[in-house]
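Engineer: 3D model of this:
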Amino acid sequence: MAKKKLNLDWNKNEDFMKLKLSEVNRKKDKISLGGGQKRIDKEHAKGKMTARERVSALIDKGSAFYELGAFAGYEMHQEYGGCPAAGVVVGIGRVSKRMCMIVANDATVKAGAWFPITGKKNLRAQEIAMENRLPIIYLVDSAGVFLPLQDEIFPDKEHFGRIFRNNAQMSSMGIPQIAAIMGSCVAGGAYLPIMSDEALIVDGTGSIFLAGPYLVKAAIGEDVDKETLGGATTQCEISGVTDYKMPDDETCLKTIRNLVDKFGAFDKAGFDRVEAVEPKFPLEDVYGIYPENGAKPYDTVELLKRIVDDSKIEQYKATYGKTIVCAYARIDGWSVGIVANQRKIVKNKKGEMQVGGVIYSDSADKAARFIMNCNQKKIPLVFLHDVTGFMVGSRSEHGGIIKDGAKMVNAVSNSVVPKISVVMGNSYGAGNYAMCGKAYDPRFIFAWPTAKIAVMGGSQAAKTLLQIKVSALKKKGETIDEEKKQAMLDEITEKYASQTTPYYAASRLWVDEIIDPKKTREYISMCIEVANHSPIQKKFNPGVLQT
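Structural biologist: Numbering: from 1, shown residues only. I've put the predicted structure just below:
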């Protein structure tokens, strides 16, 4: 189909998306420097690789590393100098041809100390490993908890201690864990590598102990140096705490590869895959199809044709509930069920016009039934968000929008097949929930540079907040003229807009990563391959709302 027929603003859209993507890449490049070049040089002077260099040396040569949480901690804790990537590099890569979760502390960021967001990111890595039965490799180089924020990282359920609980849980699940002590490993953090199946330690740079020399001196008055207390010789030859003594980082990483190479095979989930067929249209076309103004309509089906194999989709109930597209397709050979918000204006069965990106009763009903079908057939689900929420108003309420919306949310909640979410544009309010937002346990959730996640659209939210603020000031007897109202509205709008960006979401791990739209197909394929490592244990029970 000719570009002009699809969208008259193709070039404008394409330029806008490329600018957005350039901004993402520019920020990522800065984040990848961690604590900065001076800190990197200091690590090299000690004979150590940086976290990212270690990951690159660990994974199979020429293979991809799918980093997750690169924007975790973005613009957070600036009063302490920030914590780029939350001070830990996390992602999925192939090690000796096996997909593994890799967690590498970045010692250039506050000596690898754990900020609250660092703990959250580590827990997310473990969650992914547990859900998908992925072997996990820890490259440890950390000074432990960041003490100024210890109350936000130490005592609660989803804090530091949960890491070791997960170590034990993964061990009981038979998920292989390998830890390499490649720098400091102090206090409570010392439990992580030793609760793993096997632990390596690098001579001269690696050390592990419950209390360092200064604390030992303060606590019991003993004078002892770092190496004697917990260096490689001590822990490999005297205590037997660690299993392999390594001369340097490079040898350590090669040894890990050798260990992973000896793993036996594990059961698979059995998701269907055939030989992949490239889409008939260029992947880059998504740049031109997706509008630079998120409020503009576009044909979601045309966008899907740039993602799925041979550009073929089999639409379920194509003429019913048209503001949601439900379709069977293949992505890189994998069988998938797609639930995507249709953004063009459509007519319903009564000939009435329906706004694109809004979930109506018929759309919710269709999606709920489709999700049940995919569960019955063991087909992974892919959710593509561009939703402003459920339809409101008396007609919708009288038609039972809450009941139908609850059906869809129920089906998403109880789904047992892997769910992968991609937030392309808007993801507002209950629409975020129905389309499998973070609260609904997607195996993975990604965002395009154009993503916006919020309880409602910026314009509506700002006006609502302004009304509340003006009302409160009036109760105090203050007079508000139009100029002041506008200034207040501008301030509220700016603040609200900053909280709906993909960076804001990614910094708090509401999404796993901000991705290039043309790589959507690649990421979905990777996610299903990872999910295929974990056989489905539960039986789908749709609940009473689906009867």
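
Engineer: Surely A85 and D106 touch.
Structural biologist: Yes - taking contacts as Cβ atoms under 8 Å, A85 lies within contact range of D106: 6.6 Å. From N, CA and C alone the C-beta is placed, and that goes for glycine too.

Engineer: Could I get the buried residue list for the longest helix along the chain?
Structural biologist: The residue-count maximum for a helix in the chain (DSSP state H) belongs to helix 10-31. For helix 10-31, burial by neighbour count (16 or more other Cβ atoms under 10 Å) applies to 10, 13-14, 16-17, 20-21, 24, 27, 31.

Engineer: Kindly reformat those residues as CSV containing distance to A454.
Structural biologist: Shown next, in CSV, are those (distance: Cβ to Cβ, whole Å):
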residue, distance to A454
W10, 28
N13, 22
E14, 26
F16, 20
M17, 21
K20, 18
L21, 22
V24, 19
K27, 21
I31, 24
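
Engineer: ok, so of these, who is nearest I137?
Structural biologist: The closest of the buried residues of helix 10-31 to I137 turns out to be I31 (Cβ to Cβ; 21.5 Å).

Engineer: In contact with the closest one, which residues?
Structural biologist: 70-71, 74, 84-85 (Cβ atoms under 8 Å, 6 or more residues apart in numbering).

Engineer: what do you get for K317?
Structural biologist: 326, 366, 369-370.

Engineer: what about 7 Å?
Structural biologist: 326, 366 (Cβ atoms under 7 Å, 6 or more residues apart in numbering).

Engineer: Next, it: secondary structure please.
Structural biologist: coil (DSSP: H, G, I helix; E, B strand; the rest coil).

Engineer: Tell me the spacing between it and V325.
Structural biologist: 10 Å (Cβ to Cβ, to the nearest Å).

Engineer: now do V355
Structural biologist: For V355, the distance to V325 (Cβ to Cβ) stands at 15 Å.

Engineer: quick one: which of the two has more around it?
Structural biologist: Using other Cβ atoms under 10 Å, the more surrounded residue of V355 and V325 is V325, with 27 against 14.

Engineer: Nearest residue to that one in space, please, no chain neighbours.
Structural biologist: A340 (4.6 Å; Cβ to Cβ, 6 or more residues apart in numbering).

Engineer: returning to what we had before: between A85 and D106, who's got more neighbours?
Structural biologist: D106 (29 against 26).

Engineer: Give me the helices and strands touching whichever strand or helix holds Q467, please.
Structural biologist: Secondary structure assignment for Q467, by DSSP states H and E: helix 458-475. The contact analysis (3 or more Cβ pairs under 7 Å, 6 or more residues apart in numbering; DSSP states H and E) places helix 458-475 against helix 482-498.

Engineer: And for Y428, the neighbour number?
Structural biologist: Y428 is flanked by 25 other residues according to other Cβ under 10 Å.

Engineer: Pretty sure it sits against A451.
Structural biologist: No - Y428 is beyond contact range of A451, at 11.2 Å (criterion: Cβ atoms under 7 Å).

Engineer: Can you tell me how far the nearest residue to D141 once chain neighbours are set aside is from T205?
Structural biologist: Spatially, and ignoring its direct neighbours in sequence, D141 is nearest to G183 (3.1 Å; Cβ to Cβ, 6+ apart). Noted for G183: a distance of 6 Å to T205, by Cβ to Cβ.

Engineer: what do those two both touch?
Structural biologist: K48.

Engineer: which one of the contacts of I31 sits closest to E513?
Structural biologist: A70 (6.3 Å).

Engineer: I figured the closest one was touching E513, is that so?
Structural biologist: Yes - using Cβ under 7 Å, A70 makes contact with E513 at a distance of 6.3 Å.

Engineer: Now do the helices in the stretch 151-300 of the chain.
Structural biologist: With DSSP state H, counting those that start in this stretch, the ranges of helices along the stretch 151-300 of the chain come out as 161-173, 191-194, 213-220, 226-230, 232-233, 249-261, 285-289, 300-304.

Engineer: winner for burial among those helices?
Structural biologist: helix 285-289 (a mean of 23; mean count of other Cβ atoms under 10 Å).

Engineer: looking at this structure, which helix or strand does the model trust least?
Structural biologist: For the chain, using mean pLDDT, DSSP states H and E, the weakest element among its helices and strands is helix 3-6, scoring a mean of 59.

Engineer: Only alpha carbons, please: show the longest helix of the chain as PDB.
Structural biologist: Only the C-alpha atoms of helix 10-31 are listed here, as PDB (Å, rounded to 0.1, in the frame of the first residue of the first chain):
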ATOM      1  CA  TRP A  10       4.300  10.100   6.800                       C
ATOM      2  CA  ASN A  11       7.500  12.200   6.500                       C
ATOM      3  CA  LYS A  12       6.500  14.300   9.500                       C
ATOM      4  CA  ASN A  13       5.800  11.200  11.600                       C
ATOM      5  CA  GLU A  14       9.000   9.600  10.500                       C
ATOM      6  CA  ASP A  15      11.100  12.600  11.400                       C
ATOM      7  CA  PHE A  16       9.400  12.900  14.800                       C
ATOM      8  CA  MET A  17       9.900   9.300  15.700                       C
ATOM      9  CA  LYS A  18      13.600   9.400  14.600                       C
ATOM     10  CA  LEU A  19      14.200  12.500  16.800                       C
ATOM     11  CA  LYS A  20      12.500  10.800  19.700                       C
ATOM     12  CA  LEU A  21      14.700   7.700  19.200                       C
ATOM     13  CA  SER A  22      17.800   9.800  18.800                       C
ATOM     14  CA  GLU A  23      17.000  11.300  22.200                       C
ATOM     15  CA  VAL A  24      16.700   7.800  23.800                       C
ATOM     16  CA  ASN A  25      20.000   6.700  22.300                       C
ATOM     17  CA  ARG A  26      21.800   9.900  23.400                       C
ATOM     18  CA  LYS A  27      20.600   9.400  27.000                       C
ATOM     19  CA  LYS A  28      21.500   5.700  26.900                       C
ATOM     20  CA  ASP A  29      25.000   6.500  25.700                       C
ATOM     21  CA  LYS A  30      25.500   8.800  28.700                       C
ATOM     22  CA  ILE A  31      24.000   6.200  31.100                       C
END
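
Engineer: now that helix: mean pLDDT?
Structural biologist: On average, the pLDDT along helix 10-31 is 97.

Engineer: With stretch 40-58 instead?
Structural biologist: On average, the pLDDT along stretch 40-58 is 97.

Engineer: Touching it from outside, list them.
Structural biologist: Contacts of stretch 40-58 (Cβ under 7 Å, 6+ apart): 32, 34, 65, 89, 93, 95, 102, 104-108, 139, 182-183, 205, 248-250, 253, 256-257.
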